[in-house]
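1. What would the 3D arrangement of this be:
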Amino acid sequence: MGWNWRRVVLMGAVGIAALSIGYNLTHAPEETKAPVLPSPLTNEGPSDPEAAIRALQDRVGANPNDAEGWQRLGWAYFESGRHADAVRAYRHATKLAPGNATFWSSLGEAAVMASERDPMPKEAADAFDKAISLDPKDPRARYFLAVRKDLAKDHDGAIRDWLALLGDTPPGAPWEADLRRTIEQVGKINGINVAERLAAVKPTAPHPPMGAGMSVAAAAIPGPSREQMQAAAQLPKGQQDAMVEGMVASLEARLKANPGNVDGWIMLMRSRMTLGETGKATAAYAQARSANPAQAGRIRDEARILGVPGV
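-> Sure, this is the predicted structure:
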């Protein structure tokens, strides 16, 4: 999987779900909205991840000018951990649809994940800048550009930007608590008092309902804070694994206290699949359905997107 800190990239913001797809589908202008991703229960694409990739490869092979096809292929590669391939697919999408902010921020995130050494490669930074120039509200680009400021030691600037993003975050959104924690942690590490500033944030955006095309399983997860990346890079592999497992265990503990959090169960399944712990992903799926029988259909759909065995 490359650098082990990339596993922390996926886990470090495990609760910051649906920032890009869910938010942009409800807030972006019509001309820049991301296309709805295929559902495993429709005829738009197969549920098996490798089969989906092959189908999308055939689609863009037959029509190389299909920007939506390239975007979906990029997403499928990203979900499979093939980040360099995702970068190449998103490059095609942005070339064909240069006015789509979501395509550019997707490219930026994939470039971050594909980087072996640089936590913010130039291609990623340029892509986020382009996304913001097209849509100043693009939440994924805003998150990562704040990370760039933090990496450049402009900690207060990063906190200001994250606070602004928090102000635009729908109240009760799955990522709200984790975004607050990021601000608190960066403030604490760098001696910046953020308590009053956090208390002053008044979210204004309504919380959009989760529905078709707003899959938690399919949503991109922003990267970690600077200290998470540095801590992961400096630890031996065994300790890195323990750090990641601790993050996932924390999510499991929250779900024991609040088993009705369907989004949390989906993120737990995704985390386990990312770590290659397919048996635990299947167990999480069973627990989620047992605790939430009224939403069993949605949980099944999301598990299929993730490729959870036995679903």
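2. CA only for contacts and neighbour counts going forward, please
-> Noted.
3. Give me the buried stretch members for stretch 182-189, please.
-> Neighbour counts over stretch 182-189 (16 or more other CA atoms under 10 Å) mark 182, 183, 184, 185, 186, 187 as buried.
4. Secondary structure class of residue 131, three-state.
-> Classification of residue 131 by DSSP: H, G, I helix; E, B strand; the rest coil places it in helix.
5. circling back to that earlier point, which ones among the buried residues of stretch 182-189 map onto helices?
-> 182, 183, 184, 185, 186, 187 (DSSP state H).
6. For the last one, give me the pLDDT.
-> Looking at residue 187, its pLDDT is 90.
7. With the second one instead?
-> Residue 183 is assigned a pLDDT of 89 by the prediction.
8. Relative to residue 285, how far out is it?
-> Distance of residue 183 to residue 285, given as CA to CA, to the nearest Å: 31 Å.
9. Check the third one too.
-> Applying CA to CA, one obtains 32 Å for the distance of residue 184 from residue 285.
10. thinking again about what came up before, and the buried residues of stretch 182-189 as JSON lines, adding distance to residue 153?
-> Below are the buried residues of stretch 182-189 laid out as JSON lines (distance: CA to CA, whole Å):
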{"residue": "182", "distance to residue 153": "15"}
{"residue": "183", "distance to residue 153": "14"}
{"residue": "184", "distance to residue 153": "16"}
{"residue": "185", "distance to residue 153": "14"}
{"residue": "186", "distance to residue 153": "11"}
{"residue": "187", "distance to residue 153": "12"}
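11. which one of those is nearest residue 294?
-> residue 182 (32.9 Å; CA to CA).
12. For residue 75, which non-adjacent residue is closest in space?
-> Spatially, and ignoring its direct neighbours in sequence, residue 75 is nearest to residue 86 (6.7 Å; CA to CA, 6 or more residues apart in numbering).
13. burial of that neighbour, as a residue count?
-> Residue 86 has 28 neighbours, counted by other CA atoms under 10 Å.
14. got a list of what it touches?
-> Going by CA atoms under 8 Å, 6 or more residues apart in numbering, residue 86 touches 73, 74, 75, 76, 77, 78, 107, 110.
15. Count the neighbours of the second one for me.
-> Neighbourhood size, residue 74 [other CA under 10 Å]: 30.
16. Buried residues, stretch 62-72. List them.
-> Buried, per 16+ other CA under 10 Å, within stretch 62-72: 66, 67, 68, 69, 70, 71, 72.
17. Distance check, the residue nearest to the first one when sequence neighbours are not counted against residue 282.
-> Nearest non-adjacent residue to residue 66, counting by CA to CA, 6+ apart: residue 60, 6.2 Å away. The span separating residue 60 from residue 282 equals 33 Å under the rule CA to CA.
18. Strands along the stretch 51-200 of the chain, start to end?
-> Remark: strands of the stretch 51-200 of the chain are absent; assignment by DSSP state E, counting those that start in this stretch.
19. Point out where it drops to low pLDDT.
-> For the stretch 51-200 of the chain, the stretches flagged by pLDDT under 70 are 170-175.
20. can you pull the contacts of residue 101?
-> 32, 130, 131, 132, 134, 135, 138.
21. what about the closest residue to the fifth one other than its chain neighbours, distance to residue 133?
-> In this case it means residue 134. The shortest distance from residue 134 to any non-neighbouring residue, by CA to CA, 6+ apart, is to residue 101 (5.6 Å). With distances taken as CA to CA, residue 101 is found 8 Å from residue 133.
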